[in-house]
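Colleague: I'd like to go over a predicted model; first the sequence, then the structure.
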Amino acid sequence: MPTLATTVDGLKLPNPFVIGSGPPGTNLSVIQRAFREGWGAVIAKTISLDASKVVNVTPRYAKLHAASGEVIGWENIELISDRPFHLWLDEFKRCKDSHANGVLIASIMEEYRKDAWIEIVERCQDTGVDAFELNFSCPHGLPERKMGAAMGQDPDILEEVCGWVKRAAKKPFWAKMTPNITHIEEPGRAALRGGATGLSAINTIRSVMGVNLDTLRPEPTVEGYTTPGGYSSRAVKPIALRMVMELATMIRSEFPDRSLSGLGGIESGEDAAQFILLGADTVQVCTGVMKFGYECVKPMSEQLLAFMAKHKFETIDDFKGRTLPYFTTHGDLVRRQMERKAGQKLAATAAAATAAAKVVKSDGEWSGDEFVKQSDALSRA
Ligand SMILES: Cc1cc2nc3c(=O)[nH]c(=O)nc-3n(C[C@H](O)[C@H](O)[C@H](O)COP(=O)(O)O)c2cc1C
């Protein structure tokens, strides 16, 4: 029988499904609900020492729907928690009292000041939280105060801040990466050099959801205006997978003892399997919980177990990173394809020859009349 139980950075998780920081971990009552539903760990909503500076607006979400009506993209302009720090400390304690075995991770963010980072780490860990996630990645609102993604885009600052946290933290800590950068390995490497136990990727992607064609105002519209927000949900999964693959490749070759938590658009056990195949130790879900509720961890766990049973994998470690060796350069793909074609016996039937004729072999063969068919054939050929 395969098992989903896994140990990451010394944290014993019943399964790799972790609540990602955001509304699903925004107070004690919802965190306790997540543990009751069987989530492997909960990362609370990001907190800072002074919540009085956090002022949210409404509406702060905007959704992108597929033709079927399904929500596939989600933009938010929500800030970190607006709840006072002392309340959070009390709730962390009460959570550990009520769910001693539940793995509770505090997500923290502060300004670029050593004393502030040390204070937030020390006061949180006194409550008994099991680990930290450092939010270096919120793309809206906080960068105006040089926090969040403003820090995560600067490898030198990341390394320095992780160094401060490393000296204060008695618990593992993950640095949460922003996708709003060209080469995510660079800040990732800096955070690990600074001493982070692991990385989380990705936070939301800076976005504008759309423009209302009646009012001509951008959305989500607040008093007629907006500000670019963070994009999440299914639509971001391919970007998240690419970034997780790049970070996992870097971690394997340079920091093999560090961990990786993957997120961005995960809604099923099959999604989770893909992130783990690309090197994630754990998988986080945020928007998925807002779409389907806390109970979605059950079908996701069953789907992941079914995938493992199909391939005869006993543990998460049995397939973690299995797909990583199959990434190469474009030049190498060309070489491999030429080799295969050269070695192939040309015993094609007339029908096969006709089908092959539809596939564009060089850019001069594209035709205006056949354009859609030709485009389609290139995703199958
Ligand atoms: C409404 C909302 C609020 C969020 N708040 C936070 C936050 O406080 N801290 C944080 O690190 N990430 C926050 N995130 C980002 C998520 O944790 C996650 O990185 C991102 O949404 C991609 O994963 P998903 O597609 O599963 O939501 C928030 C996301 C959403 C949708």
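Modeller: Yep, it's here.
Colleague: who does the spatially most central residue of the chain bridge with?
Modeller: Among the residues of the chain, the one closest to the centroid is residue 263, at 2.2 Å (Cα atoms, centre = their mean). For residue 263, the beta-bridge partners are residue 284 (DSSP bridges).
Colleague: Now do it, the pLDDT please.
Modeller: We have a pLDDT of 98 for residue 263.
Colleague: From the ligand, how far off is it?
Modeller: Plainly put, residue 263 is 4 Å away from the ligand if you go by Cβ to the nearest ligand atom, to the nearest Å. For every residue, glycine as well, the C-beta is placed using N, CA and C.
Colleague: can you list the residues of the stretch 251-381 of the chain near the ligand?
Modeller: Within the stretch 251-381 of the chain, the residues that sit near the ligand (Cβ under 6 Å from any ligand atom) are 263-266, 285-288.
Colleague: how does it look with 8 Å?
Modeller: With Cβ under 8 Å from any ligand atom as the criterion, the stretch 251-381 of the chain meets the ligand at residues 263-267, 284-290.
Colleague: give me phi/psi at the closest residue to residue 88 other than its chain neighbours?
Modeller: Leaving out its chain neighbours, the residue that sits closest to residue 88 by Cβ to Cβ, 6 or more residues apart in numbering is residue 47, at 5.1 Å. Dihedral pair for residue 47: phi -120, psi 160, per degrees, to the nearest 10.
Colleague: and the closest residue to residue 255 other than its chain neighbours, what element?
Modeller: Counting by Cβ to Cβ, 6+ apart, residue 192 is the residue found nearest to residue 255 once chain neighbours are left out, at 4.7 Å. Secondary structure assignment for residue 192, by DSSP states H and E: helix 185-194.
Colleague: ok, and does that helix reach over to the ligand?
Modeller: No - using Cβ under 8 Å from any ligand atom, we find that helix 185-194 stays clear of the ligand, coming within 14.1 Å at best.
Colleague: Dump the C-alpha coordinates for that helix into CSV.
Modeller: Output in CSV follows, covering the C-alpha atoms of helix 185-194 (Å, rounded to 0.1, in the frame of the first residue of the first chain):
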residue,chain,number,x,y,z
GLU,A,185,17.2,30.5,-9.6
GLU,A,186,19.2,33.7,-8.8
PRO,A,187,17.0,34.8,-5.8
GLY,A,188,16.5,31.1,-4.9
ARG,A,189,20.2,30.5,-4.7
ALA,A,190,20.7,33.7,-2.6
ALA,A,191,18.1,32.6,-0.1
LEU,A,192,19.7,29.2,0.3
ARG,A,193,23.2,30.7,0.6
GLY,A,194,21.7,32.9,3.4
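Colleague: The stretch 251-381 of the chain: strands as residue ranges?
Modeller: For the stretch 251-381 of the chain, the strands defined by DSSP state E, counting those that start in this stretch cover 259-263, 282-285.
Colleague: Out of the ones you listed, which is closest to residue 75?
Modeller: strand 259-263 (16.5 Å; Cβ to Cβ).
Colleague: Run the chain-centre distance for the helix or strand containing residue 72.
Modeller: Taking DSSP H and E as the definition, residue 72 sits inside strand 71-76. Strand 71-76 sits 14 Å away from the centroid of its parent chain (Cα atoms, centre = their mean, to the nearest Å).
Colleague: Could you list every helix and strand in contact with whatever helix or strand comes next after that strand?
Modeller: Using DSSP H and E, the helix or strand that follows strand 71-76 in sequence is helix 85-98. Helix 85-98 is packed against helix 28-37, strand 103-108, helix 114-125, with contacts defined by 3 or more Cβ pairs under 8 Å, 6 or more residues apart in numbering; DSSP states H and E.
Colleague: Repeat the analysis, applying 6 Å as the threshold.
Modeller: Using 3 or more Cβ pairs under 6 Å, 6 or more residues apart in numbering; DSSP states H and E, the elements in contact with helix 85-98 are helix 28-37.
Colleague: List the buried residues of the helix it packs on.
Modeller: Across helix 28-37, burial judged by 16 or more other Cβ atoms under 10 Å covers 28, 30-35, 37.
Colleague: nearest residue to whichever residue of the stretch 101-250 of the chain sits closest to the ligand other than its sequence neighbours?
Modeller: Nearest to the ligand, among the residues of the stretch 101-250 of the chain, is residue 232, at 3.2 Å (Cβ to the nearest ligand atom). In space, and not counting its chain neighbours, residue 232 is closest to residue 287: 4.5 Å by Cβ to Cβ, 6+ apart.
Colleague: I'd guessed that neighbour sits against residue 231; true?
Modeller: No - using Cβ atoms under 6 Å, residue 287 is not in contact with residue 231; the gap is 9.7 Å.
Colleague: Right, I'll call it a day here.
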